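Visitor: my questions concern the predicted model and sequence given below.
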Amino acid sequence: MKIEEIDAINYKNGKATDTKEKVVKDETITLTINGNISRSLSAIEDSLEEFAVGYLFNENMVNSMDAIKEIKVEGSQIYAQIDDTLLKTNETVLCSDSAGGWRSKIKTVNPVESDFQVKAEELISRIEELKDNAEIWQATGGTHVAGLVYEDKFIVKEDVSRHVAVDKVIGYGLLHGFDLSQSYVIYSGRMPADMVIKMTRAGVPILASNAAPANSGYNIAKKGNITLVGFLRGQRCNIYNNQNRIIF
């Protein structure tokens, strides 16, 4: 079960009443890589294989599916075996993220090459569809929701962490052979550097959100040739960097 009920007191119009409230059920998930690197974070115990694949790409630990030798999920424990080439040469200095896990610092940004385009009207429609598919958020208000759009497919995942939600949809796309250079991610949350860098590492050209970009995210978008779409609300949005990917 992803949702459970807890006791609460509801105070409204000067009156207090006992009630039951629905809350999202999160767990401490541990990802162990090559037997000696361990990451623990709070997440919903769902789509953990997809999360692991997305995490490995988005943290620059692998750059191809061939580099992932095995992923095994046992309850809240995930075990991954990968080619350790990038681990030996890349981003080894780590900092904590808001979800209680660990995120690597950004040292290099590789630009995404993609001729993909999407209509602004589609993005406006998709943000509403994203909300409609956010079943846990609708019941509890306690999750972030992310979607990956590729051709006629729209994959939606929810989690208490915006990072994990995005990891899950990108991992799903990688596991199912999506051409991520011809896709986009749409999600609920701000767009700082640590979110935008995921797009460059996975090769996704467009990140769209109902929230705002941060200056750090915009700078990574410029370096990584990522199109950001922010303030996607109602019938409006703002487009930042490489606006040619959005058709008006």
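Guide: Structure's in. What do you need?

Visitor: what distance do you get for the nearest residue to Gly142 once chain neighbours are set aside to Asp115?
Guide: In space, Gly142 comes closest to Val24 once its chain neighbours are excluded; the distance is 4.0 Å by C-beta to C-beta, 6 or more residues apart in numbering. (Glycine included, C-beta is placed from N, CA and C.) Val24 sits 39 Å away from Asp115, going by C-beta to C-beta, to the nearest Å.

Visitor: so the two - more neighbours on which side?
Guide: Val24 (18 against 9; other C-beta atoms under 10 Å).

Visitor: for that one, what are its contacts?
Guide: Taking C-beta atoms under 8 Å, 6 or more residues apart in numbering, we find Val24 in contact with Lys2, Ile3, Ile44, Ile136, Thr140, Gly142, Thr143, Val160.

Visitor: ok, the second one touching Val23?
Guide: Yes - using C-beta atoms under 8 Å, Ile3 makes contact with Val23 at a distance of 7.1 Å.

Visitor: shared neighbours of the two, which are they?
Guide: With C-beta under 8 Å, 6+ apart as the test, Ile3 and Val23 both reach Thr140.

Visitor: which other residues reach the strand or helix carrying Ser216?
Guide: Using DSSP states H and E, Ser216 sits within helix 215-224. For helix 215-224, contacts defined as C-beta under 8 Å, 6+ apart pick out 106, 109-112, 190-193, 195-197, 199-200, 207, 213, 226-228, 240-241.

Visitor: confidence score at the closest residue to Val109 other than its chain neighbours?
Guide: Excluding the flanking residues, the one nearest Val109 by C-beta to C-beta, 6+ apart is Lys223, at 4.2 Å. Lys223 is assigned a predicted lDDT (pLDDT) of 96.

Visitor: ok, back up a step: just the contacts of helix 215-224: which are in helices?
Guide: Ala193, Met195, Val196, Ile197, Met199, Thr200 (DSSP state H).

Visitor: need those in TSV (columns: pLDDT).
Guide: As requested, those are arranged in TSV below (pLDDT from 0 to 100):
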residue	pLDDT
Ala193	93
Met195	94
Val196	95
Ile197	94
Met199	96
Thr200	95
